[in-house]
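Asks: show me the folded form of this:
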Amino acid sequence: MPRFVDRVVIHARAGSGGNGCASVHREKFKPLGGPDGGNGGRGGSIVFVVDPQVHTLLDFHFHPHVTAPSGKQGMGNNRDGAAGADLEVKVPDGTVVLDENGRLLADLVGAGTRFEAAAGGRGGLGNAALASRARKAPGFALLGEQGEARDLTLELKTVADAGLIGFPSAGKSSLVSAISAAKPKIADYPFTTLVPNLGVVSAGEHTFTVADVPGLIPGASQGRGLGLDFLRHIERCAVLVHVVDCATAEPGRDPMSDIDALEAELAAYTPTLQGDSTLGDLAERPRAVVLNKIDVPEARELAEFVRDDIAERGWPVFLVSTVARVGLQPLVFGLWRMIAEYKAAQPEIVPRRPVIRPVPVDDSGFTVEPDGEGGFVVTGARPQ
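Replies: Modelled structure (predicted):
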């Protein structure tokens with residue numbers, strides 16, 4: 001059974017509005033009591049709410065149909081039907097909501113953030129509300145409107161300050177374990193990490209989060225290895241950290257070629273939040289390079305040799321050994337400074353209040369045509 005699910009397709013159906021009631025008031029000594037049918041209740045809406053205690057979309061994997069209750073029917077004696085309760089659906093922090101065409105609807109970040117995914121239908125009017133000077137006792141009522149129904153895609157994008165990227169077995173999980181209290185699975189075979197791991201790192205009185213994502217290999221953009229889907233988890237990261245294995249004995253690999261291969265795969269990835277992220281595109285994020293496994297003598301020599309070449313790109317370089325616990329403190333404080341500087345340089349995002357405008361209507365008129373059965377068909381945007 002999967003324990004971590006970061007992408008699901010669900011069907012959301014809001015509640016329908018209750019039907020109006022057609023009723024005539026009946027009371028002793030009042031033979032013409034008049035219409036007293038109540039209105040139908042509003043259907044319940046489906047609202048996504050960010051809950052910090054939820055960390056996966058697993059529940060939607062097994063229950064992809066989300067349905068809100070409908071409103072109740074109106075009753076006589078001017079009694080309106082009860083409204084359907086809104087269904088609040090808890091989602092993890094960092095959930096992105098897409099419609100069936102892949103268009104971004106909402107980016108839910110922060111505890112308590114809400115988004116109405118499907119609106120409930122309006123209740124139908126009872127005959128008491130339909131009474132007019134020309135029709136004092138209508139013998140009919142209106143049906144309630146159907147609730148909104150739509151297919152939605154939910155994607156979970158981990159909320160982290162720094163993202164670790166690198167080849168399989170480069171030591172990313174070991175690094176997260178060494179600088180935080182996280183305990184990811186660590187083994188000496190490729191693709192040990194299959195799901196993102198999150199760790200909270202302390203830098204003096206400051207803290208930040210680090211995300212360890214599964215390993216990248218050349219050709220991941222064409223589907224090799226685990227592909228690029230999991231890179232959605234670094235879209236929110238302020239800093240991208242290349243973790244390079246300086247002790248690898250694999251032919252044709254060296255730190256510079258590994259970094260170039262990773263950058264090529266990042267360039268081939270198209271973020272969902274592109275143009276909407278407050279941190280800009282992935283290509284604009286600051287980079288840092290961790291030359292790992294320098295406890296091996298040959299690896300340390302190689303790291304010292306390529307250090308200046310990497311620094312020429314303007315990227316900070318850290319020599320680290322997670323086994324010997326060497327270089328971890330300079331790395332932690334260096335990442336914190338990069339994260340703080342980058343976030344401080346970003347423009348302040350002012351929340352935009354949605355503007356809802358009515359659909360333009362042509363008031364030039366409408367048409368009335370006989371239906372051939374003794375009745376008429378009224379056609380128009382606003383028939384009266």
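
Asks: show me how this protein divides into domains.
Replies: 1-156, 162-345 (automatic domain parsing).

Asks: make CSV from those and add mean neighbour count to it.
Replies: Where C-beta positions appear, they are placed from N, C-alpha and C, glycine not excepted. Listed next are the domains of the chain as CSV, based on neighbours: other Cβ atoms under 10 Å:
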stretch, mean neighbour count
domain 1-156, 18
domain 162-345, 18
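
Asks: looking at those, which is closest to residue 377?
Replies: Set against residue 377 and scored by Cβ to Cβ, the domains of the chain come closest in domain 1-156, at 17.1 Å.

Asks: quick check: mean pLDDT across that closest one?
Replies: Domain 1-156 shows a mean pLDDT of 90.

Asks: and the helices in the protein?
Replies: 58-62, 127-130, 172-179, 255-267, 297-311, 328-345 (DSSP state H).

Asks: right, and those helices - which one's nearest residue 375?
Replies: helix 127-130 (18.8 Å).

Asks: now that closest one, how far from the centre of its chain.
Replies: In terms of Cα atoms, centre = their mean, to the nearest Å, the centre of helix 127-130 is set 43 Å apart from its chain centre.

Asks: tally of neighbours for the closest residue to residue 370 other than its chain neighbours?
Replies: Take residue 370 and drop its neighbours on the chain: the residue closest to it by Cβ to Cβ, 6 or more residues apart in numbering is residue 376, 5.7 Å away. When counting by other Cβ atoms under 10 Å, one arrives at 10 neighbours for residue 376.

Asks: I'd like to know how far residue 376 sits from residue 142.
Replies: Remark: distance between residue 376 and residue 142 (Cβ to Cβ, to the nearest Å) = 18 Å.

Asks: ok, residues contacting stretch 314-322?
Replies: Residues outside stretch 314-322 that contact it (Cβ atoms under 8 Å, 6 or more residues apart in numbering) are 171, 174-175, 177-178, 242, 286-295, 300, 303-304, 307, 310-311, 326-328, 330-331, 334, 338.

Asks: first vs last residue of it, how far apart are they?
Replies: 24 Å (Cα to Cα, to the nearest Å).

Asks: same thing with stretch 160-167?
Replies: Counting by Cα to Cα, the terminal residues of stretch 160-167 are separated by 20 Å.

Asks: list of residues touching it?
Replies: 172, 175-176, 198, 208-213, 215-217, 233-234, 236-245, 248, 253, 258, 261-262, 266, 290, 335, 339.

Asks: repeat for stretch 69-81
Replies: 15-21, 23, 25, 36-44, 82-85, 87, 120-121, 123-124, 126, 128, 141, 144, 147.

Asks: please repeat the previous calculation with a cut-off of 6 Å.
Replies: When contacts are defined by Cβ atoms under 6 Å, 6 or more residues apart in numbering, stretch 69-81 is touched by residues 15-21, 23, 36-44, 82-85, 123, 126, 128.

Asks: restricted to strands, list these.
Replies: Among the contacts of stretch 69-81, no member falls in strands (DSSP state E).

Asks: before we move on, the earlier item: which one, of the domains of the chain, ends up nearest to residue 370?
Replies: Per Cβ to Cβ, nearest to residue 370 of the domains of the chain: domain 1-156, 20.5 Å.

Asks: how far away from the center of its chain is that closest one?
Replies: 22 Å.

Asks: can you check stretch 293-303 too?
Replies: Counting by Cα atoms, centre = their mean, stretch 293-303 comes out at 41 Å from the chain centroid.

Asks: same check, this time on stretch 294-313
Replies: Worked out by Cα atoms, centre = their mean, stretch 294-313 lies 39 Å from the chain centre.

Asks: stretch 310-330 too?
Replies: Centroid separation for stretch 310-330 versus its chain: 33 Å, with Cα atoms, centre = their mean.

Asks: mean confidence score for it?
Replies: Computed over stretch 310-330, the average pLDDT equals 90.

Asks: ok, residue 338 to residue 202 distance?
Replies: 16 Å.

Asks: excluding residues flanking it in the chain, which one is nearest the most centrally placed residue in the chain?
Replies: Residue closest to the mean C-alpha point of the chain, counted by Cα atoms, centre = their mean, is residue 96 at 1.4 Å. Distances taken as Cβ to Cβ, 6+ apart place residue 155 nearest to residue 96, at 4.6 Å, with adjacent residues excluded.

Asks: same check on residue 26?
Replies: Residue 26 sits nearest to residue 33 (Cβ to Cβ, 6+ apart), 6.0 Å away.

Asks: I figured the one you found was touching residue 25, is that so?
Replies: Yes: applying Cβ atoms under 6 Å as the test, residue 33 and residue 25 come out as touching, 2.9 Å apart.

Asks: and for residue 375, the neighbour number?
Replies: 7.
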